[in-house]
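S.K.: Give me a model of this one.
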Amino acid sequence: MAHLAISVPFNSSIFYIIKYYGKPYVPMKPVVEGMGMDWQRQRAKLKGQFNAHIKKFTIKPSIDSQPTMFLCLALDNFSDWMQTICPNKVKPQIRDKVIQYQCECYELLHKGWAKGESKQIPASAYEERTPLQAAVNRIASKCGLPYQAIYKLIHRKLGTKHLNELTERQSAEAIDHLLTKVIDGEFIGKQDTTPQLSYSMKWFKNHSWIIDDEALRAPWCYPAEMLIANGDSPNPCGRLLVELERAGYQVDAAMFQLKALQHHLEVFRRKDSTPGFDFEMYARNANVARHHFKFVWQVWCEQLDPSLRAIGSPIAVNLVDHLKSLGAITYGLSAALDKAAKNEIQKDH
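M.R.: Take a look at the predicted model:
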């Protein structure tokens, strides 16, 4: 059966949203290709890391178009997939576009889903929302409720999806609505709304295609390269923080530090992977050069110098000084490199 899709224009591309049992799904190929990335690699990632959240739908983008089958990701997991893409890892010519998609695409798709079509939704100014945010912060602090639960009450009351949709009048109405609930005592006893999150070691089984049991035997067995957010590696810390943020908790400091750790680890590994100076190889080359010089010096002393002096050539006097200097330099380099090579071998052992 072909599903009729909601079209959501974004720059020069068109994305789609499909409703399946009341849940929105996003065909991923147009998104990936719109970013300029390779579809086959992202398709493999979706089937590996997000297999529980993808479905295949035959879609009719419009009434008169031909049905086309797409691999679709649940909209709730769209931002998780976006986080697996590291802008520093993509081609420089598409980096700005990738960053733009990461900043704007998720929000736009949510708006398209909320409205049933892509429209320009008026956003209230930050100053207009500040009193509402202050009210939400106070209620969350006093009653121990997560921010998301309070904002859900607002959106349910006003029929909105995001804070940016609220006009100045709606922001005032939302504050009155929350104050009424506080006065009526409806928030009392609702403190125990912590999201049920589970990230036991069994979570890694979802990534058995990229990480084996030996890597999970102990923390020091875990490959260092998998701690870097390269798009393919498991990232339970990042996923946990995203879920807590969705539940209304403020985790931006923790997310900031996690990204900083991943960045500095990547920089350190790049420096560490730079090939070092091969003292042993250059010591061998210097010894070979010294043996060649000994041969040249012997020929000079036994044949060339006597012959040049016999004919009264001034070259003999000038050249012998240069040869002596070259011999001293060659011997000094050979001895120094040989000593350095022996020290490196001792360090390795």
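
S.K.: For the chain, just list every one of the strands.
M.R.: In the chain, the strands defined using DSSP state E lie at 2-4, 6-10, 13-20, 23-27, 54-60, 68-74.

S.K.: can I get these in CSV with mean pLDDT?
M.R.: Converted to CSV, the strands of the chain look like this (pLDDT from 0 to 100):
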stretch, mean pLDDT
strand 2-4, 63
strand 6-10, 83
strand 13-20, 85
strand 23-27, 91
strand 54-60, 84
strand 68-74, 90
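
S.K.: Adding distance to residue 286 and mean neighbour count as columns, could you present the ones you listed in TSV?
M.R.: All C-beta atoms are positioned from the backbone trio N, CA, C, and that covers glycine. Formatted as TSV, these follow (distance: least, CB to CB, whole Å; neighbours: other CB atoms under 10 Å):
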stretch	distance to residue 286	mean neighbour count
strand 2-4	73	15
strand 6-10	62	17
strand 13-20	60	18
strand 23-27	63	22
strand 54-60	60	16
strand 68-74	60	18
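
S.K.: can you tell which of those strands is closest to residue 325?
M.R.: Closest of the strands of the chain to residue 325 is strand 13-20, at 69.5 Å (criterion: CB to CB).

S.K.: closest to residue 215 out of the strands of the chain?
M.R.: Using CB to CB, the nearest of the strands of the chain to residue 215 is strand 54-60, at 25.3 Å.

S.K.: Summarise which helices and strands the closest one is packed against.
M.R.: Using 3 or more CB pairs under 8 Å, 6 or more residues apart in numbering; DSSP states H and E, the elements in contact with strand 54-60 are strand 2-4, strand 13-20, strand 23-27, strand 68-74.

S.K.: circling back to that earlier point, will you turn the strands of the chain into JSON lines that also has distance to residue 213?
M.R.: Below are the strands of the chain laid out as JSON lines (distance: least, CB to CB, whole Å):
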{"stretch": "strand 2-4", "distance to residue 213": "40"}
{"stretch": "strand 6-10", "distance to residue 213": "42"}
{"stretch": "strand 13-20", "distance to residue 213": "35"}
{"stretch": "strand 23-27", "distance to residue 213": "33"}
{"stretch": "strand 54-60", "distance to residue 213": "26"}
{"stretch": "strand 68-74", "distance to residue 213": "28"}
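
S.K.: Residue 239: which of the ones you listed is closest?
M.R.: Using CB to CB, the strands of the chain put strand 68-74 closest to residue 239, at 14.4 Å.

S.K.: Restrict the closest one to CA atoms and write it as PDB.
M.R.: C-alpha atoms of strand 68-74 as PDB (Å, rounded to 0.1, in the frame of the first residue of the first chain):
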ATOM      1  CA  THR A  68       8.500   4.700  -4.600                       C
ATOM      2  CA  MET A  69       9.900   2.600  -1.800                       C
ATOM      3  CA  PHE A  70      12.000   4.400   0.800                       C
ATOM      4  CA  LEU A  71      13.900   3.400   3.900                       C
ATOM      5  CA  CYS A  72      12.400   5.600   6.700                       C
ATOM      6  CA  LEU A  73      13.600   6.600  10.200                       C
ATOM      7  CA  ALA A  74      11.200   7.500  13.000                       C
END
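
S.K.: Distance from it to the middle of the chain?
M.R.: Here strand 68-74 shows a centroid-to-chain-centroid distance of 24 Å under the convention CA atoms, centre = their mean, to the nearest Å.

S.K.: ditto for stretch 37-44
M.R.: 16 Å.

S.K.: Give me the buried stretch members for it, please.
M.R.: The neighbour-count check on stretch 37-44 (16 or more other CB atoms under 10 Å) flags 37, 42 as buried.

S.K.: Output the below-cut-off pLDDT ranges for the stretch 201-349 of the chain.
M.R.: 209, 229-232, 248, 270-277, 279, 344-349 (pLDDT under 70).

S.K.: In space, not sequence, find me the middle residue of the chain.
M.R.: By CA atoms, centre = their mean, the chain has its centre lying nearest to residue 86, at 3.0 Å.

S.K.: In TSV, list the helices and strands packed on strand 54-60 along with distance to residue 59.
M.R.: Below are the helices and strands packed on strand 54-60 laid out as TSV (distance: least, CB to CB, whole Å):
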stretch	distance to residue 59
strand 2-4	5
strand 13-20	6
strand 23-27	6
strand 68-74	5
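
S.K.: among those strands, which is nearest residue 308?
M.R.: Among the helices and strands packed on strand 54-60, the nearest to residue 308 by CB to CB is strand 13-20 (80.6 Å).

S.K.: export the closest one as PDB, just CAs?
M.R.: Extracted C-alpha coordinates of strand 13-20, given in PDB (Å, rounded to 0.1, in the frame of the first residue of the first chain):
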ATOM      1  CA  SER A  13      15.400  19.800  -1.600                       C
ATOM      2  CA  ILE A  14      12.100  18.400  -0.700                       C
ATOM      3  CA  PHE A  15      11.700  16.000   2.300                       C
ATOM      4  CA  TYR A  16       8.800  13.900   3.200                       C
ATOM      5  CA  ILE A  17       7.000  12.700   6.400                       C
ATOM      6  CA  ILE A  18       4.900   9.600   6.500                       C
ATOM      7  CA  LYS A  19       2.300   8.900   9.200                       C
ATOM      8  CA  TYR A  20       2.300   5.200  10.400                       C
END
